[in-house]
Structures are given as structure tokens and as C-alpha cells.
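Chemist: how does the following fold in three dimensions:
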Amino acid sequence: METLLVNGRMSPWVAETYEFQRLNPAQSTLLVFDGTADPLRDASYKLAQALILFAKSCGVCMGVPLVGLEDAYLAVKEGKHSGTRL
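Modeler: A predicted model of the protein is given here:
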């Protein structure tokens, strides 16, 4: 089962999150937000976008639109992803 690990770089548990991801890197994706300890509180919009993209990569939520990410998504899909940030 694919797992998304989310943490803030300033979190007191960032080292543990990295270690947890190293246990099974093939089935886990690590998302670390800069400048925050609590991404749910401080970066909720970006976290919501990341969750939608993660769900889509797992084959679920295909009908949910990528609000604000349409251009970046198409660039990555077409292979023009150099410098494109999602």
C-alpha cells in the first residue's frame, strides 16, 4: 500500500519521519514542507494540492480537478517538467 508521509522541516519529529520513510522507500512518498513545523496549520492549501496529486497517482479521485495546478500538471505529463514545481 502506498503511503504519503507529511512533515514540516521545523518539526521536532522530522528525523523520525525520514527514518520511517527509509524503512520502505518503494511504497512511501515523503513530503516535507519548508518553514513550518505543522503543514496542516501553516500550509493547508499546498497540503490539499499534494493530497489530491497523491490520490490521483494511486488511481483514486480521478474526477477531482487540479485547481491551480493545471499548467504544471500538463507540463509534467508532457515531459516538460524541468523547473516546474507542483
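
Chemist: quick check: closest non-adjacent residue to residue 12.
Modeler: residue 37 (7.3 Å; CB to CB, 6 or more residues apart in numbering). In short, each C-beta sits where N, CA and C put it, glycine included.

Chemist: any weak-confidence spans in this structure?
Modeler: Filtered on pLDDT under 70, the chain yields the residue ranges 72-73, 76-77, 79-86.

Chemist: repeat that for 90
Modeler: Counting by pLDDT under 90, the chain contains low-confidence residues at 1-4, 24-29, 31, 44-46, 48-86.

Chemist: center of it - which residue?
Modeler: Most central in the chain under CA atoms, centre = their mean is residue 50, positioned 4.0 Å from the mean C-alpha point.

Chemist: excluding chain neighbours, give the residue nearest to that one in space.
Modeler: Computed as CB to CB, 6+ apart, the closest residue to residue 50 that is not its neighbour in sequence is residue 31, at 5.5 Å.

Chemist: quick one, what contacts residue 8?
Modeler: 14, 32, 33, 35, 36, 37, 38, 39, 42, 43 (CB atoms under 8 Å, 6 or more residues apart in numbering).

Chemist: 6 Å instead, please
Modeler: Contacts of residue 8 were listed using CB atoms under 6 Å, 6 or more residues apart in numbering, and they are 33, 36, 37, 38, 39.

Chemist: swap in residue 39?
Modeler: By CB under 6 Å, 6+ apart, the contact list for residue 39 reads 6, 8, 33, 47.

Chemist: most neighbours out of those residues, which is it?
Modeler: Within the contacts of residue 39, residue 8 tops the neighbour count with 22 neighbours, counted by other CB atoms under 10 Å.

Chemist: next, give phi and psi for it.
Modeler: Torsion angles at residue 8 (phi, psi; degrees, to the nearest 10) stand at phi -100, psi 140.
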